[in-house]
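Chemist: Below is the structure, and that's it, no one-letter string:
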């Protein structure tokens, strides 16, 4: 695989789904102990994330949206989710190709054929897993950015590396800074405080600087090098400063 062959976006529902506090345990500590936790999928939340993903896919060259599902196992929620995707696509996105895949087969595809992916949309649990698996296919979680987007702009959005804060290596100076730097580039693209042209220029400059450093600059341990976080960050900063607009 060559640089540029793998280029996909994972869009994860992040407000409902499998991550709820609805449930509980009864007969705890006995042989009759039972634990229940419910998934919640609303029409509002599901259509919101599906529409967002379809809008993103519509802007791509291939116009393919892969919908992660498990309708052969989760026999109530996932057929309903699939139907939401089908109805929305038929109604408003006839130009899109909708590719539904069971999550187990899709996970295998991430590993064996990641260059075939374009835009992937998933419920909270499946999206959580895929958003780590996807970047790992590049060899490290340290590269990938992420954004928790409020689509309407009514509330702030949050941008961070896919791997989060990585508390297990905090203060050691060995973290790869690219995920955080790329997240800043995404934030600039999303910002309403600067013009679209300025945002896109800044995004392009930052990504170009990252690409230069990945090709010839210092590399952190996760990339097979020995550079510290600050050293690699400074290298990217220099490339940004040297960029001729």
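Modeler: Alright, I've got the coordinates. All values derive from a computational prediction rather than experimental measurement. Numbering: from 1, shown residues only.
Chemist: just for this structure, where's the confidence low?
Modeler: Along the chain, segments meeting pLDDT under 70 span 1, 245.
Chemist: can we see that at 90?
Modeler: 1-6, 138-139, 151-155, 163-171, 189-199, 217, 242-245 (pLDDT under 90).
Chemist: Output the contacting helices and strands for the longest helix anywhere in the chain.
Modeler: As assigned by DSSP state H, the longest helix anywhere in the chain is helix 196-216. Helix 196-216 sits against helix 178-190, helix 229-242, with contacts defined as 3 or more Cβ pairs under 8 Å, 6 or more residues apart in numbering; DSSP states H and E. From N, CA and C alone the C-beta is placed, and that goes for glycine too.
Chemist: what's next to it, contact-wise?
Modeler: The contact list for helix 196-216 (Cβ atoms under 8 Å, 6 or more residues apart in numbering) reads 3, 178, 181-182, 184-186, 188-191, 194, 223, 232, 235-237, 239-240, 243, 245.
Chemist: before we move on, back to that, nearest to residue 39, out of the helices and strands packed on helix 196-216?
Modeler: Closest approach to residue 39 among those (Cβ to Cβ): helix 178-190, 28.7 Å.
Chemist: buried set for that closest one?
Modeler: Neighbour-count burial for helix 178-190, counted by 16 or more other Cβ atoms under 10 Å, picks out 178, 179, 180, 181, 182, 183, 185, 186, 187, 188, 189, 190.
Chemist: can you state the direction angle for that helix and helix 229-242?
Modeler: For helix 178-190 against helix 229-242, the angle by axes from the mean of the first three to the mean of the last three Cα atoms, to 10 degrees is 40 degrees.
Chemist: Distance from helix 178-190 to the middle of the chain?
Modeler: Centroid displacement of helix 178-190 relative to its chain, using Cα atoms, centre = their mean, to the nearest Å, is 13 Å.
Chemist: can you give me the helices in the protein?
Modeler: Under DSSP H, the chain gives helices at 43-58, 77-92, 103-112, 124-136, 178-190, 196-216, 229-242.
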